[in-house]
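What follows is a protein structure lacking sequence information:
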């Protein structure tokens, strides 16, 4: 009964025209799929555009795009971040084609300085090494050299006061973890056990990068580095700069420990030599016990 009514509706001339246009549009649509060449994974958000970039469209969540907006003889380009640019003529593609994009890796391997005392590729180093870059330091604005190390996963900082900080690597601390600044040791094996505050004497505003070596590094640094090495690298002065003297001032306030820190840094540049000077003054409030404490804890 319902089928008969449906067929009667199709016998209507208007219905014939609508059905004809639907079939015609479907037959003339040119939809293609874009996938990863290696994994065959569908690639959404691929930008497809013509040579003068007057027409553009992107693939949907299923990696499919309709090319009807482009002319038959137009060059079209497929572009996605991390993949090589692909060029095709629209007429060379038919409905249902699959376009494969080749992954283009441009990431540079990280360089490690502290393990072999020379530049080494991170993939060629046997030890586990964590690198804290100057960009990370700038974004987080740590108040001390110890707090800077909290940016490295696997490093814990013991704090007994607002400005204090003693690094702990895999349970080792004090005389078991060697702290080095530009190759100069700040502690050794004869230091007392327990927590030491050597790292708070390092100005984080003058640090270019820091490398943390996890595990024993006795081969490179001797028995002082049984628990690991924390190596700070300070900033180098800029030479032959168009500005002979370049200075900067920063101030930071933290409500957590009621601390305020002011830093002044200046770079003096000459043709063959230069100097960089950094001065930081910090003041910290008291550490207070939380008010909402359960009496039985």
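On my side now, so go ahead. Nothing here was measured: the structure is a model prediction, and the numbers come from that model. Numbers count the residues shown, from 1 in each chain.

Helices of the stretch 151-297 of the chain, residue ranges please.
Counting by DSSP state H, counting those that start in this stretch, the stretch 151-297 of the chain has helices at residues 218-221.

Extract the residue ranges of the stretch 1-150 of the chain that are flagged as low pLDDT.
Residues of the stretch 1-150 of the chain meeting the criterion pLDDT under 70: 1-29, 105-126.

Residue 272: neighbouring residues, count only.
For residue 272, the neighbour count with other C-beta atoms under 10 Å is 6. Just so you know, the C-beta spots here come from the backbone N, C-alpha and C atoms, and that holds for glycine as well.

One more: residue 190?
Neighbourhood size, residue 190 [other C-beta under 10 Å]: 7.

Excluding chain neighbours, what is closest to it?
Using C-beta to C-beta, 6 or more residues apart in numbering and skipping residues adjacent in sequence, the residue nearest residue 190 is residue 175, 7.0 Å away.

need the contact list for that neighbour.
By C-beta atoms under 8 Å, 6 or more residues apart in numbering, the contact list for residue 175 reads 187-193, 196, 224.

Okay, now stretch 75-88: how far is its last residue from its first?
Terminal residues of stretch 75-88 are spaced 6 Å apart (C-alpha to C-alpha, to the nearest Å).

Okay, and the beta partners of residue 130?
In this entry, residue 130 is beta-bridged to residue 212, by DSSP bridges.

That one and residue 150, how far apart?
Computed as C-beta to C-beta, to the nearest Å, the residue 130 to residue 150 distance reads 11 Å.

thinking again about what came up before, nearest to residue 214, of the contacts of residue 175?
The shortest gap between residue 214 and any of the contacts of residue 175 belongs to residue 224, at 15.6 Å (C-beta to C-beta).

The closest one: how many residues sit nearby?
Other residues near residue 224 come to 21 when the count uses other C-beta under 10 Å.

in stretch 130-145, what's buried?
In terms of neighbour count (16 or more other C-beta atoms under 10 Å), stretch 130-145 has its buried residues at 130-132, 137, 141-145.

Could you save those as JSON lines and add columns showing distance to residue 211 and secondary structure?
Listed next are the buried residues of stretch 130-145 as JSON lines, based on distance: C-beta to C-beta, whole Å; DSSP: H, G, I helix; E, B strand; the rest coil:
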{"residue": "130", "distance to residue 211": "7", "secondary structure": "strand"}
{"residue": "131", "distance to residue 211": "5", "secondary structure": "strand"}
{"residue": "132", "distance to residue 211": "8", "secondary structure": "strand"}
{"residue": "137", "distance to residue 211": "13", "secondary structure": "helix"}
{"residue": "141", "distance to residue 211": "20", "secondary structure": "coil"}
{"residue": "142", "distance to residue 211": "16", "secondary structure": "coil"}
{"residue": "143", "distance to residue 211": "21", "secondary structure": "coil"}
{"residue": "144", "distance to residue 211": "18", "secondary structure": "coil"}
{"residue": "145", "distance to residue 211": "13", "secondary structure": "helix"}
